[in-house]
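In: the sequence and its predicted three-dimensional model are supplied below.
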Amino acid sequence: MNNDQKLRQFSGLLDNAGINAGTALTVFAPTSDALEKWRNSDPDRFQKYMQQPEFFPNLKHLLEWHLVTEGAYLLNEIFDGSRERMENSQGNITINQQVKTIDNVPSTAFVQPDVATAEGVLHALSEVIIPPFLGADMISQLLNDRSDVFALTNMANLALHVKLEDRINAMYDNGFTFLVPPNRRFNRAEIDIPKMLSPEMYNYTRDFVLCHMIVDSYHEAQVFAINEDKPRGEEQFLVISELGTHLWITTTEDMLRFQAQEVLVPDLPSNNGIFHIMDYPLFPPYTSDFAFFTAIATNHDTSDCFRFFTQCILTSEEIAASVNSTVTVFCPTREAFAFFNNEDFNRLLEPIWYRHACEFLFNHMTYPAMTREELVAKAPSHITMLNGATYQLRQTENQPRLKNGNEQGRSQFGDLIALDGYLHTIDTAITPTAVSRSVYDQSNSNPDFSLLVENIDFVDLTDIIDRDLPLTLLAPDNRAFRRIEFGTLDGGEIINKHLFRGLFFCDVLANMTSTGIASVNGFTHAIEVRGENMEHVWVGGAYIYKCDILARNGVLHYIDRVIGEDYETVPPTISPAPTITPQPTTSEAPTGAPVPLFAEEPGDNSVPISLPPVLPPTNKNDIATADDMPDQGSSGVRSFPPLIFMSLLSVAGLVVFL
């Protein structure tokens, strides 16, 4: 072909596309006049195919369509009535024996037939053969099973159901990419197609199809070229799907992936772009999904962050719905967790500590959704997380930074767009008090429990309550201790009555009314549930007025009395701990001398008397019982500190109680 002037342009196109014509036994070679004729009849497509790299697969398939691989056929053998098609690497050229055409080209277009070559035979044509798929829209190709191996009708029917065919078949300046899982892969993903086609699933089905659509053509050669100069491990980039969410495109060795899913058959062209046959369906992505497949598809390892979503049996979609807002997720990378206490990390991922894991997760989430640029614009300020913790929001150049004491988590990468918000990575995990403070620390940090701490220290239980795990402590407040008196020898036994081995959250206690609960020193306490909605929990006669204060080694509940002790006494005048010096009291100003009943001597010979001074009334709160105590805030099982945790228990498939 290089020696024939009229075929040189076609030969050059083959070379530029990396196609070896020597593999063909029969070559249909359009002349320069044929290519010019095509340009004049379809200038837009000709210009895109010849000049835009996005349409390289379309040109490549068109050129390969002219190269028959199954045999060397002379002109009279093609139209002798013995065959209906000729096979090439992309499919089959259709022969119409009645009107004597091959696809769209009549036999009269063979301007120089039967030219012998070293490999077989060449026919010079005055027209370009247009493969049928380059004249058909994408939906039609899927319905007609463009692939000989895979059926693709499920995705086509879903697109038609949600009326997206016009957007899929539209012409775009830089082409269009459609990611199409085969029908069998829908079965593997357990996707119920009849349900997806139901009216109530319309919006979700539309989102499902849109997340497989990308305006612009991302063919295999182009993606590998984009990633070619990137460092090893960073061969990925982000695009925006037609759903408006981010989508990772990754190359690993010889594998092309979209959102971590492999491409089985790449670069099947249509008249407006290409579609890839995928190994697995994609799904409308939420931030928790990005925590999963970002770790698989990129060098940003968020796998440990994703483990906390799975440990909590929650998705970010469910969490966002519970706060009725979009969310911002700060996802510590695996490198960040390398500096996190390994013992704490492994414990948080044990099943019995899942509530602490949720506290840790909520400690890295806030609302509404904010980009890193928006976070930088708000700095310096404070930011409140979903568990109620407030941290300093700072910035380092254009990077937002969360500051919690000595911990500082910078976000060097992020702005991953999901349906429910944004995901940003951070380089340091921010430790909540549920992980950093022990049961003892949590008690010691609250001045209302100073007498409890003094008694724990006095009876040498500090190390046990600070280090042993898992523990549950029923914590009487100072007011409860001031209502009782006990001797030195009783202190240890009394504290141990309030201490339990295991994690007994309020909803767990509420389900133990038939058995009660045994303390570490063997006392079994009865459990009652009261209230109009059965929301108040009583243990050993003590009312739990604040539930589920999480700690590193367990959980504590605030109660209104000391269990097992007589509380119907006036407040003692000395500390219940025998060795603790009582706090000095401030005496009231002395009253004056007794006031006479009469200002002057009565005239009726009566004797004046003196009245004692009037003392201030007794503080009712010091002698009130739990039955007449005012509401202490969140009560019973509804007072778990994270703002959303208890509302999510039902989502996670957990029984609250009763």
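Out: The structure has been received and is ready for your questions.
In: tell me which helix or strand of this protein sits lowest on mean pLDDT?
Out: Sorting the helices and strands of the chain by mean pLDDT, DSSP states H and E puts strand 610-611 at the bottom, at a mean of 36.
In: wait, is residue 375 part of a helix?
Out: Yes: according to DSSP: H, G, I helix; E, B strand; the rest coil, residue 375 belongs to a helix.
In: in a strand, residue 119, correct?
Out: No: read with three-state DSSP, residue 119 is coil and lies in no strand.
In: what residues does it make contact with?
Out: Counting by Cβ atoms under 8 Å, 6 or more residues apart in numbering, residue 119 touches 22-25, 72. The way it works is simple: take the backbone N, C-alpha and C, and place the C-beta from them, glycine included.
In: do residue 33 as well
Out: Shown in contact with residue 33 (Cβ under 8 Å, 6+ apart): 6, 126.
In: now residue 7
Out: Applying Cβ under 8 Å, 6+ apart, the residues contacting residue 7 are 1, 29, 31-32, 124.
In: CSV for those residues, including pLDDT?
Out: Below are these laid out as CSV (pLDDT from 0 to 100):
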residue, pLDDT
1, 80
29, 96
31, 96
32, 96
124, 96
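In: now for those: which two are most distant?
Out: 1 and 32 (11.4 Å; Cβ to Cβ).
In: in which helix or strand does the closest residue to residue 221 other than its chain neighbours reside?
Out: Leaving aside its chain neighbours, residue 221 sits nearest to residue 56 (6.2 Å; criterion: Cβ to Cβ, 6 or more residues apart in numbering). Counting by DSSP states H and E, the element that carries residue 56 is helix 56-64.
In: which elements pack onto the helix or strand following that helix?
Out: Downstream of helix 56-64, the next assigned helix or strand under DSSP H and E is strand 67-68. Judged by 3 or more Cβ pairs under 8 Å, 6 or more residues apart in numbering; DSSP states H and E, the packing partners of strand 67-68 are strand 26-30, strand 85-88.
In: quick revisit: among residue 1 and residue 32, which residue is more densely surrounded?
Out: The residue with more neighbours, out of residue 1 and residue 32, is residue 1; 19 against 14, by other Cβ atoms under 10 Å.
In: could you list every residue that touches the more buried one?
Out: 7-8, 10-11, 21, 27, 29, 122.
In: can I assume residue 156 is in contact with residue 143?
Out: Yes: judged on Cβ atoms under 8 Å, residue 156 makes contact with residue 143 at a distance of 4.9 Å.
In: ok, back up a step: indicate which one of the helices and strands packed on strand 67-68 is closest to residue 359.
Out: Residue 359 sits nearest to strand 85-88 of all those, at 62.1 Å, using Cβ to Cβ.
In: chain center to the closest one: distance?
Out: What separates the centre of strand 85-88 from the centre of its chain is 49 Å, taken as Cα atoms, centre = their mean, to the nearest Å.
In: avg pLDDT for that strand?
Out: Mean pLDDT, computed over strand 85-88, is 94.
In: list the buried ones in that strand?
Out: 86, 88 (16 or more other Cβ atoms under 10 Å).
In: got it, and stretch 473-483?
Out: 473-477, 479-483.
In: kindly provide the distance from the residue lying closest to residue 505 once chain neighbours are set aside to residue 38.
Out: Closest residue in space to residue 505, ignoring its immediate chain neighbours: residue 548 at 5.2 Å, by Cβ to Cβ, 6+ apart. As for residue 548, its distance to residue 38 is 74 Å (criterion: Cβ to Cβ, to the nearest Å).
In: tell me which of these two has more neighbours.
Out: Here residue 548 and residue 38 are compared on neighbour count by other Cβ under 10 Å; more neighbours surround residue 548, at 27 against 18.
In: so what strands line up beside whichever strand or helix holds the more buried one?
Out: Per DSSP H and E: residue 548 is located in strand 542-551. Partners of strand 542-551 in the sheet, by DSSP bridges, are strand 536-539 (antiparallel), strand 554-559 (antiparallel).
In: roughly how far out does stretch 495-515 sit from the chain middle?
Out: On Cα atoms, centre = their mean, the centre of stretch 495-515 falls 33 Å from the chain's centre.
In: and stretch 294-314, by the same measure?
Out: With Cα atoms, centre = their mean, you get 8 Å for stretch 294-314.
In: show me the contact partners of it.
Out: With Cβ under 8 Å, 6+ apart, stretch 294-314 has contacts from 233-234, 236, 248, 250, 257, 259-260, 288, 290-292, 315-316, 331-335, 337, 345, 348-349, 354, 357-358, 360-361, 364, 413, 416, 423, 425, 648, 651-653.
In: burial check on the residue nearest to residue 221, number of neighbours?
Out: Based on other Cβ under 10 Å, the number of other residues close to residue 56 is 23.
In: can you tell me the closest non-neighbouring residue to residue 320?
Out: That would be residue 420: by Cβ to Cβ, 6+ apart, it lies 4.1 Å from residue 320.
In: OK, contacts around the one you found?
Out: Residues near residue 420 by Cβ under 8 Å, 6+ apart: 286-287, 316-317, 320, 326-327, 369.
In: quick one: low-confidence parts of the stretch 101-250 of the chain?
Out: Residue ranges of the stretch 101-250 of the chain with pLDDT under 70: 145-148, 233.
In: if you set the cut-off to 80 instead, what comes out?
Out: Along the stretch 101-250 of the chain, segments meeting pLDDT under 80 span 145-148, 232-234.
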